[in-house]
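Visitor: Show me the folded form of this:
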Amino acid sequence: MSNQKQFVIGVAGHRTLPFEDMPKLTAEIEAFYRDMMKKHSETIVLSPLAEGADSLCAKLALDEGLRLIVPLPMNALDYRQGFTGAAEAEFDCLLSLADRVFVAPPEETVPAKPQRGFYYRQAGIYVVNHCDILLAIWDGIERDTTDGAGTWETIKLARGIGKPIHRVAISAQA
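Guide: Numbers count the residues shown, from 1 in each chain. Predicted coordinates for the structure are as follows:
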């Protein structure tokens, strides 16, 4: 068991997960959590709860008895506008089970007219800066975006500061 009091796993991943990958993803994420729990006395998962990988990782963390901390990119009411159907109910449920929920503070200068992507990026930066390891549910495609938000962009940030990354591979996204 590590002497470190808290070990924080940050989550980044795609919003759309291939249905055929779900059994493998679930098993790999659960195995990763169990391994971290064996090595650290207190393991916490830091997830912005985006639809897809973020929510899956949060749900599995709670199933394993881990604490969940949620740095939202914006207030919950505005954030949920980007969710589809059943994902809203799952979001509400996960929020209610989290130990702590807050809006991630901007880590960069706020532009005059910020778009949603700016706030998603800020949540990604927060996760990277406050985790001990990044759990990346990623298809392996290095896809830059105009707003610097997204799975690859978050992985790039983590790599840039030498943050350890544990990748769980998914099928390439269309």
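
Visitor: Which strand or helix spans residue 122?
Guide: Secondary structure assignment for residue 122, by DSSP states H and E: helix 116-130.

Visitor: for the following helix or strand past that helix, packing partners?
Guide: Per DSSP H and E, the first helix or strand lying C-terminal to helix 116-130 is strand 133-138. Packing partners of strand 133-138 (3 or more C-beta pairs under 8 Å, 6 or more residues apart in numbering; DSSP states H and E): strand 7-13, helix 22-39, helix 53-63, helix 151-160, strand 165-169. From N, CA and C alone the C-beta is placed, and that goes for glycine too.

Visitor: Would you mind giving the ones you listed as JSON lines with mean neighbour count added?
Guide: Shown next, in JSON lines, are these (neighbours: other C-beta atoms under 10 Å):
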{"stretch": "strand 7-13", "mean neighbour count": "24"}
{"stretch": "helix 22-39", "mean neighbour count": "15"}
{"stretch": "helix 53-63", "mean neighbour count": "22"}
{"stretch": "helix 151-160", "mean neighbour count": "19"}
{"stretch": "strand 165-169", "mean neighbour count": "16"}
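
Visitor: Format these as JSON lines; extra columns: distance to residue 100.
Guide: As requested, these are exported to JSON lines (distance: least, C-beta to C-beta, whole Å):
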{"stretch": "strand 7-13", "distance to residue 100": "12"}
{"stretch": "helix 22-39", "distance to residue 100": "19"}
{"stretch": "helix 53-63", "distance to residue 100": "13"}
{"stretch": "helix 151-160", "distance to residue 100": "20"}
{"stretch": "strand 165-169", "distance to residue 100": "23"}
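
Visitor: can I get these in a markdown table with distance to residue 82 and mean pLDDT?
Guide: Shown next, in a markdown table, are the helices and strands packed on strand 133-138 (distance: least, C-beta to C-beta, whole Å; pLDDT from 0 to 100):
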| stretch | distance to residue 82 | mean pLDDT |
| --- | --- | --- |
| strand 7-13 | 15 | 97 |
| helix 22-39 | 22 | 97 |
| helix 53-63 | 12 | 97 |
| helix 151-160 | 15 | 96 |
| strand 165-169 | 23 | 96 |
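
Visitor: I'd like to know which of those lies nearest to residue 130.
Guide: Proximity to residue 130 (C-beta to C-beta) singles out strand 7-13 among the helices and strands packed on strand 133-138, at 6.3 Å.

Visitor: Tell me the helices and strands packed up against the closest one.
Guide: Looks like strand 7-13 contacts helix 22-39, strand 43-46, helix 53-63, helix 116-130, strand 133-138, helix 151-160 (3+ C-beta pairs under 8 Å, 6+ apart).

Visitor: Compare these and report which one is nearest to residue 167.
Guide: strand 133-138 (4.9 Å).
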